[in-house]
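Engineer: Need a 3D model of the sequence below.
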Amino acid sequence: MPQATPKRGLRIPRPLLALAVGGAAAIGVYMYVGSVQQAASAPIPRAKVLVAKTDLAAKTTLRSDFFEVRELPREAVGPKALSGANEASGKVLAVPMAAGEQLLASKLKDESTPEADRLSEMIPPGKRALSLNFTEVLGSGGLIVPGDHVDVLATFKKDTMGKDETMILLQDVLVLAVAQSTTAEELAPAVPKAKVAGSSAPAAKPGAADPKAPAPVATPTSSGVPSAPKARTVTVAVTPESAERLVLAEAMGQLRYMLRRAGESGALDVAPADLGTIKSPIQPASAEIVAVEISPTNVKVGDTVNVKITVKNTSNQPMKTQGPNPGHAYVQGQTYFSQQFASESGKWRVGIGSAGLDATELPYRWGFGADLAPGATTTVSGQIKITHDFKATNFYAAVVEEPSKVTQSNVGTTMITAMPENVAVVAVDAVNVRSGPSLASTVVGDVKYGTELQIIGQQADWFRVRLPDNREGWVAAGWIVSAGR
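Structural biologist: Got it, this is the predicted structure:
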């Protein structure tokens, strides 16, 4: 009987098998790449947020026109960021805000915060809070409230200074608190208002003083100047050096506070007054700066800061001027003197100074172009080419009667930051750094507000950055501020 032959399975030739496996792999790679590209090209989720149009000081009562609505990548939006203008209107800032910064709920004043903690947050950098005696009689009739700016007058007797003399000790001083109140709303009247004849007074509240009782009467001090029935304190923000002078002046003389016009930050060069000069005619200021424009506020090395200063001749005499003419461009580090525009005594110019950035006071000065007639106004333009980076610095305008009489200064104060072209600063509380330019990419780290990052690349709305620890990653453009942005 013949032996059965065993059956064999279907045998596929090796070349055909390799081709099939390769085709399957190619299809898999294609599908994977397609999914990655689809994820990368997917629209980035965005959200609306309120952003400050300009720099805002602490304790500012907000209005809707202080902000604009921007759309940013969702992850760029800070925690508890406000998105509607009506959410900000009427609220009060607890801390300063810079232009372009997001408005977070944490930046608004929290009524539950203890007063002591709130005051410490209001003190500007480099300043200290100092409390001084304050009465209505000696403080603009009791009309000074927290948030105002004042000039401090000091009066000394002959046995202290050698002659009776009054001087402006400090100018443009921020009032942090009056008595125990850090806002105007918290202040109660120091003395009740007198009842006007024929008026109907509201009924007294339980426990209130008798409305028929005589009003408190100011009593004269040993110097003959009446004091308010209840002395209070005024707390001001000053440098440590200024604090020393204020305390000594308060101990040896008498202080008064002059309320400044809202928004006016200029300083005047005023000589002390004594009994020998009190009868002399008061000479009005010869010039007044009407408007100032210093821009842009974010620049990079190689950019130019543009200046426009409008000045008016407020005297009855022509104001003679000198060079350089309007339009002259300075290079950062140059001065009017190094550029052969030395001061000519009695001539007038406008100038730009910076808070500690330049060693020379008002190094950038420009003439009016022609002598300025009485009552006439002119606008002087100029440029400053930036050659090196610097952190946020206040630039301001002044008008000078050469060589050194500064009639008006610290006008149009503008904060300018110059950063290297390839450097950015984190502008939100914290930002995720990702492995690629997409929200689908993994998070490789996070950096905090104010951290400087080196920019080494860009793709659409994403920047490739180098972290302080030399790692690299990607951040969304809405999270950072770079030169020119």
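
Engineer: which residues of the protein fall in helices?
Structural biologist: Here the chain has its helices, by DSSP state H, at 14-41, 85-88, 115-122, 158-161, 240-252.

Engineer: bridging residues for the nearest residue to Arg70 once chain neighbours are set aside?
Structural biologist: Spatial nearest neighbour of Arg70, chain neighbours left out: Val51 (4.9 Å); criterion: CB to CB, 6 or more residues apart in numbering. All C-beta atoms are positioned from the backbone trio N, CA, C, and that covers glycine. Here Val51 sits in beta bridges with Glu68, Gln102, going by DSSP bridges.

Engineer: what's around Val51, how many residues?
Structural biologist: 19 (other CB atoms under 10 Å).

Engineer: and it, what does it touch?
Structural biologist: 67-70, 100-103 (CB atoms under 8 Å, 6 or more residues apart in numbering).

Engineer: you'd agree Thr54 is up against Phe66?
Structural biologist: Yes: if you go by CB atoms under 8 Å, Thr54 and Phe66 touch, sitting 7.3 Å apart.

Engineer: When these two are compared, which one has more neighbours?
Structural biologist: Shown here are Thr54 and Phe66; by other CB under 10 Å, Phe66 has more neighbours (19 against 12).

Engineer: and the more buried one, what does it touch?
Structural biologist: Applying CB under 8 Å, 6+ apart, we find Phe66 in contact with 52-54, 56, 60, 88.

Engineer: could you measure it against Leu72, distance?
Structural biologist: Separation of Phe66 from Leu72 (CB to CB, to the nearest Å) stands at 18 Å.

Engineer: any low-confidence regions in the stretch 351-485 of the chain?
Structural biologist: By pLDDT under 70, the low-scoring segments of the stretch 351-485 of the chain are 421, 481-485.

Engineer: any chance you could map the strands in it?
Structural biologist: Applying DSSP state E, counting those that start in this stretch to the stretch 351-485 of the chain gives strands spanning 364-366, 377-385, 390-401, 405-419, 423-426, 430-434, 443-448, 452-459, 462-466, 472-476, 480-482.

Engineer: so which of those strands gets nearest Ser181?
Structural biologist: For Ser181, the closest of these is strand 405-419, at 27.1 Å, according to CB to CB.

Engineer: Now do that closest one and strand 377-385, the angle between them.
Structural biologist: 40 degrees (axes from the mean of the first three to the mean of the last three CA atoms, to 10 degrees).

Engineer: okay if I get the strands of the stretch 351-485 of the chain as CSV plus distance to Ile294?
Structural biologist: Below are the strands of the stretch 351-485 of the chain laid out as CSV (distance: least, CB to CB, whole Å):
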stretch, distance to Ile294
strand 364-366, 11
strand 377-385, 9
strand 390-401, 5
strand 405-419, 4
strand 423-426, 21
strand 430-434, 30
strand 443-448, 30
strand 452-459, 24
strand 462-466, 28
strand 472-476, 30
strand 480-482, 18
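
Engineer: Identify whichever of the ones you listed lies nearest to Val331.
Structural biologist: Closest approach to Val331 among those (CB to CB): strand 377-385, 4.9 Å.

Engineer: Pick the one among the contacts of Val51 closest to Leu248.
Structural biologist: Nearest member of the contacts of Val51 to Leu248, counting by CB to CB, is Glu101, at 39.5 Å.

Engineer: Quick one: end-to-end length of stretch 294-314, please.
Structural biologist: Stretch 294-314 has an end-to-end distance of 23 Å (CA to CA, to the nearest Å).

Engineer: List the buried residues of it.
Structural biologist: 294, 297-301, 303, 305, 307-314 (16 or more other CB atoms under 10 Å).

Engineer: Quick one: mean pLDDT over that stretch.
Structural biologist: The predicted model assigns stretch 294-314 a mean pLDDT of 89.

Engineer: and of the buried residues of stretch 294-314, the nearest to Ile456?
Structural biologist: Using CB to CB, Lys300 comes nearest to Ile456 of these, at 15.7 Å.

Engineer: give me the beta-bridge partners of the closest one?
Structural biologist: With DSSP bridges as the rule, Lys300 is bridged to Met419.

Engineer: thought it was touching Lys385?
Structural biologist: No: in this structure, Lys300 is not within contact of Lys385 by CB under 8 Å, at 11.7 Å.

Engineer: Quick one, grab the pLDDT at Lys48.
Structural biologist: Note on Lys48: pLDDT of 83.

Engineer: Hmm, I typed the wrong one, I wanted Ser343.
Structural biologist: Looking at Ser343, its pLDDT is 92.

Engineer: residues contacting it?
Structural biologist: Taking CB under 8 Å, 6+ apart, we find Ser343 in contact with 322, 336-337, 402-404.

Engineer: ok, 7 Å please
Structural biologist: Counting by CB atoms under 7 Å, 6 or more residues apart in numbering, Ser343 makes contact with 402-403.

Engineer: Also the one 4 residues further on?
Structural biologist: With contact set as CB under 7 Å, 6+ apart, Lys347 has these partners: 320-322, 402.

Engineer: And it, how close does it get to Leu119?
Structural biologist: Applying CB to CB to Lys347 and Leu119 gives a distance of 47 Å.

Engineer: Quick check on the residue nearest the centre of the chain: phi, psi?
Structural biologist: Central residue of the chain (CA atoms, centre = their mean): Asp55, 4.8 Å from the mean position. Per-residue torsions, Asp55: phi -60, psi 140 (degrees, to the nearest 10).

Engineer: Number the chain from 844, please
Structural biologist: Happy to do that; since the first residue is 844 now, the last one works out to Asp898.

Engineer: so what's it scoring on pLDDT?
Structural biologist: 80.

Engineer: Looks like it contacts Thr1257 (just checking).
Structural biologist: No: using CB atoms under 7 Å as the test, Asp898 is too far from Thr1257 to be in contact (8.5 Å).

Engineer: In the stretch 944-1093 of the chain, where is pLDDT below threshold?
Structural biologist: Checking the stretch 944-1093 of the chain against pLDDT under 70 turns up 953-961, 978-985, 1026-1074.

Engineer: And the strands in it, which stretches?
Structural biologist: Assigned by DSSP E, counting those that start in this stretch, the stretch 944-1093 of the chain shows strands spanning 971-977, 992-999, 1008-1021, 1062-1063, 1069-1070, 1075-1081.

Engineer: Now tabulate those in CSV and tack on mean neighbour count.
Structural biologist: As requested, the strands of the stretch 944-1093 of the chain are arranged in CSV below (neighbours: other CB atoms under 10 Å):
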stretch, mean neighbour count
strand 971-977, 17
strand 992-999, 20
strand 1008-1021, 20
strand 1062-1063, 9
strand 1069-1070, 16
strand 1075-1081, 21
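
Engineer: can I get those strands in TSV with distance to Thr1220?
Structural biologist: Shown next, in TSV, are these (distance: least, CB to CB, whole Å):
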stretch	distance to Thr1220
strand 971-977	39
strand 992-999	26
strand 1008-1021	25
strand 1062-1063	48
strand 1069-1070	44
strand 1075-1081	34
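
Engineer: which one of those lies closest to Ala1198?
Structural biologist: With CB to CB as the criterion, Ala1198 lies closest to strand 1008-1021 of those, at 12.7 Å.

Engineer: Give the other helices and strands that that closest one contacts.
Structural biologist: Packed against strand 1008-1021 by the contact rule (3 or more CB pairs under 7 Å, 6 or more residues apart in numbering; DSSP states H and E) you find helix 958-965, strand 992-999, strand 1075-1081, helix 1083-1095, strand 1116-1117.

Engineer: Quick one: closest of these to Ala1185.
Structural biologist: The nearest among the helices and strands packed on strand 1008-1021, by CB to CB, is helix 1083-1095 at 31.5 Å.
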